[in-house]
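Visitor: Kindly generate the corresponding structure for this input.
(one chain, ligands or ions: 1)
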Amino acid sequence: MQPQHTAHNRFLVAPYPHNAYHAGMPKQSFSHVTTWVFDLDNTLYPPECRLFDQIEVKMTEYVMNTLGVDRPKADQLRHDYWARYGTTLTGLMREHDVDPAPYLIDVHDISLDHLEADGLLAHHIKELPGRRIVYTNGTAPYAERVLAARGLDGLFDAIYGVEHANFLPKPERAAFETIFEKDGVDTKTAAMFEDDARNLQAPHDMGMRTVHVAPEALDHDHIHFHTDDLPTFLSKLS
Ligand SMILES: [Mg+2]
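Guide: Take a look at the predicted model:
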């Protein structure tokens, strides 16, 4: 069975052989969930908005200025650190002792003109029963700007950024543990929505329900559900 991208089946119940939930409908699989955790970038807005393109340009320029390297070298380092550490920032901190605070302010100083309010997404998030939080590898102030531009402000009980986990990013399990301890999340009754599949491994291992929000489905045991249409997926849960 292949995932079906049809108008009548916009959310996907991924056909993973080792997945205990694939045969069930989402509603039953989420009936125990009381805390809903959302990533921000490319999860609460579509990747077509390409905000990350702007952030990547800023990151490259920051690397060039801070390390005194040319653009190709900075791009190579940025990609290398992202692959090895989960974020560019972690590589800069670990290998070059870069101060995270000014870096984070600079790279998130981008235009949000391409974002539009999403009334349908707002409606379905509002309907979710329980606590709703945002957890991003960006910063909380940046998340608040993005949420406001998407018309999603005021819907979340808490917003956490990388600064709340001592600048340790997802996918590090210790980062999730820090945030969830801070918030009092019981991972056995929580769900995580993310576009970066790497960032669903620790939540899965901690007992959370995992939802991959992305154009393409990936075949990983740690992904319970996939959707390319978050509002429609959420509409099935409440
Ligand atoms: Mg993301």
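
Visitor: Let me see the ranges of the helices in this protein.
Guide: Per DSSP state H, the chain carries helices over the ranges 26-29, 51-67, 71-85, 88-96, 100-107, 119-127, 140-149, 173-183, 201-205, 230-235.

Visitor: What is the burial count for residue 56?
Guide: 17 (other C-beta atoms under 10 Å). The C-beta positions use only the backbone N, C-alpha and C, and glycine is treated the same way.

Visitor: That one - nearest residue in space that isn't next to it in sequence?
Guide: Closest residue in space to residue 56, ignoring its immediate chain neighbours: residue 78 at 7.1 Å, by C-beta to C-beta, 6 or more residues apart in numbering.

Visitor: mind listing what the one you found touches?
Guide: Residue 78 makes contact with 56, 59, 60, 63, 88, according to C-beta atoms under 8 Å, 6 or more residues apart in numbering.

Visitor: Now with 6 Å, please.
Guide: 59, 60, 63, 88 (C-beta atoms under 6 Å, 6 or more residues apart in numbering).

Visitor: Determine which two of those are furthest apart.
Guide: The largest distance within these, taken as C-beta to C-beta, falls between 60 and 88 and amounts to 8.9 Å.

Visitor: So the two - more neighbours on which side?
Guide: residue 88 (26 against 22).

Visitor: where does that one land on pLDDT?
Guide: If you check residue 88, the pLDDT there is 93.

Visitor: Also residue 22?
Guide: According to the prediction, residue 22 has pLDDT 49.

Visitor: Against residue 75, how distant is the residue of the chain found nearest the ion?
Guide: Across the chain, no residue is closer to the ion than residue 41, which sits at 3.9 Å (C-beta to the ion). Between residue 41 and residue 75 the computed distance is 19 Å (C-beta to C-beta, to the nearest Å).

Visitor: With neighbour numbers in mind, choose between these two.
Guide: For residue 41 versus residue 75, neighbours defined as other C-beta under 10 Å are more numerous around residue 41 (20 against 17).
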